[in-house]
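Participant: task: produce atomic coordinates for the following.
(one chain, ligands or ions: 1)
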Amino acid sequence: MNAAAGSVVAIDGPGGVGKTTVSRGVARALGYQSLDTGAFYRAAALLVKFHRTDPEDEAAVAAVLSGADLDYRDGTMLVEGVDVSAAIRKETITAASSRLARLPGLRLVLVERQRAWVAARGGRAVVEGRDIGTVVFPGAGVKIYLDATPDVRARRRAGQTSTALGEVATQLGRRDRLDSTRAASPLAPAHDAVSIDTGALTAAEVIAQVLELCRDRGVEPAAGPARR
Ligand code: DC
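Facilitator: This next block holds a predicted model:
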C-alpha cells in the first residue's frame with residue numbers, strides 16, 4: 001500500500017504553525033490533493049461522543065472507528081456522508097481529539113484509512129499531521145517539519161478564532177504537551193525531515209521553499225488540470 005509513497009509530501013508540525021495553509025498551497029501548485037489527517041482524529045472524537053463510547057476504552061473506540069465511513073474531499077471532512085467540518089472545530093472536540101490520539105488502537109485504524117486515501121489517489125498527495133514523515137509515510141519523497149515559537153503560533157490561532165489570546169495559548173500548550181509526550185507516535189521531526197521555522201516567513205515564502213524541495217527530490221507536478 002506504501003509503494004508509491006515517493007510522491008507523498010509529508011508536512012508535520014505542532015498546532016498553529018500553518019500546516020493547512022502550506023499543504024493546500026503546495027498541493028494546488030503540484031496538482032495534487034491535500035489531506036488533513038488531524039480532521040480524522042477530530043472526526044473520531046465526534047463519533048465517540050455521538051455513540052457515547054467511553055473514550056478510555058481503547059477496544060470500544062477502535063471498534064466504533066473501524067465500522068465508520070470516513071472521507072475527506074476538497075477540504076471537507078465527511079462522516080457517513082455528512083459534512084462535519086464545522087462541528088469538528090469546536091473546542092470540546094479539539095480537546096477530546098488530542099486525548100483520543102494517545103490510543104495506539106485508534107491510531108492503527110486511522111493510519112490505515114489515511115494510507116488508503118492516498119493510495120486511491122495514485123500515491124500522490126500532500127499529507128499534513130503529526131506523524132506523517134515518521135509513521136504514516138516513512139518513505140515520503142519530501143518531509144517537512146514546520147515549527148514556530150508558542151507565542152507566534154498562539155497569535156496566529158487567536159487571529160482565526162474569537163477566543164482571547166491567553167486562552168488560545170493555554171489550550172495550545174496543553175495540546176503540545178499531549179501530542180509530544182504520548183508514547184504512541186509522538187509529535188517529532190523525522191530524522192530526514194527538513195525543518196522550516198515559519199515565524200518570520202509568509203505562507204507564500206514557505207510554500208515556495210517546499211516546492212523547491214519537491215523539484216530537488218523529483219516530486220513532479222501531476223499532469224493535466226490542477227486539482228486541490
Ligand atoms: O492538526 P489538528 O489540530 O487538527 O489535530 C487534532 C489532534 O489530532 C491533535 O491534538 C493531534 C492529533 N493528530 C495526531 O495525533 N496525528 C496526526 N497525524 C494528526 C493529528
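
Participant: centroid-nearest residue for this structure?
Facilitator: Taking C-alpha atoms, centre = their mean as the criterion, G129 is the residue nearest the geometric centre of the chain, at 2.7 Å.

Participant: my read: that one touches V8, true?
Facilitator: No: the pair formed by G129 and V8 falls short of the contact definition of C-beta atoms under 8 Å, at 11.5 Å. The way it works is simple: take the backbone N, C-alpha and C, and place the C-beta from them, glycine included.

Participant: can you map out the helices along this protein?
Facilitator: Counting by DSSP state H, the chain has helices at residues 19-30, 38-50, 58-66, 91-100, 104-119, 150-160, 165-181, 203-217.

Participant: may I have the third one as PDB, with CA atoms only?
Facilitator: Only the C-alpha atoms of helix 58-66 are listed here, as PDB (Å, rounded to 0.1, in the frame of the first residue of the first chain):
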ATOM      1  CA  GLU A  58      -9.500   1.600  23.600                       C
ATOM      2  CA  ALA A  59     -11.100  -1.500  22.100                       C
ATOM      3  CA  ALA A  60     -14.500   0.100  22.000                       C
ATOM      4  CA  VAL A  61     -13.200   3.300  20.400                       C
ATOM      5  CA  ALA A  62     -11.300   1.300  17.800                       C
ATOM      6  CA  ALA A  63     -14.500  -0.700  17.000                       C
ATOM      7  CA  VAL A  64     -16.500   2.400  16.500                       C
ATOM      8  CA  LEU A  65     -13.900   3.800  14.100                       C
ATOM      9  CA  SER A  66     -13.400   0.500  12.200                       C
END
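
Participant: and it, what does it pack against?
Facilitator: With contacts defined as 3 or more C-beta pairs under 8 Å, 6 or more residues apart in numbering; DSSP states H and E, helix 58-66 has these neighbours: helix 38-50, helix 104-119.

Participant: what residues does the protein have near the ligand?
Facilitator: Counting by C-beta under 6 Å from any ligand atom, the residues of the chain lying close to the ligand are 15, 37-38, 41-42, 97-98, 101, 129-131, 175, 179.

Participant: for the residues you listed, give me CSV that also has pLDDT.
Facilitator: What follows is the residues of the chain next to the ligand, written out as CSV (pLDDT from 0 to 100):
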residue, pLDDT
G15, 92
T37, 98
G38, 97
Y41, 98
R42, 98
S97, 96
S98, 93
A101, 96
G129, 97
R130, 96
D131, 96
R175, 91
D179, 91
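
Participant: state the pLDDT value of the residue nearest to I207 when sequence neighbours are not counted.
Facilitator: Take I207 and drop its neighbours on the chain: the residue closest to it by C-beta to C-beta, 6 or more residues apart in numbering is G25, 3.9 Å away. Among the per-residue scores, G25 holds a pLDDT of 98.
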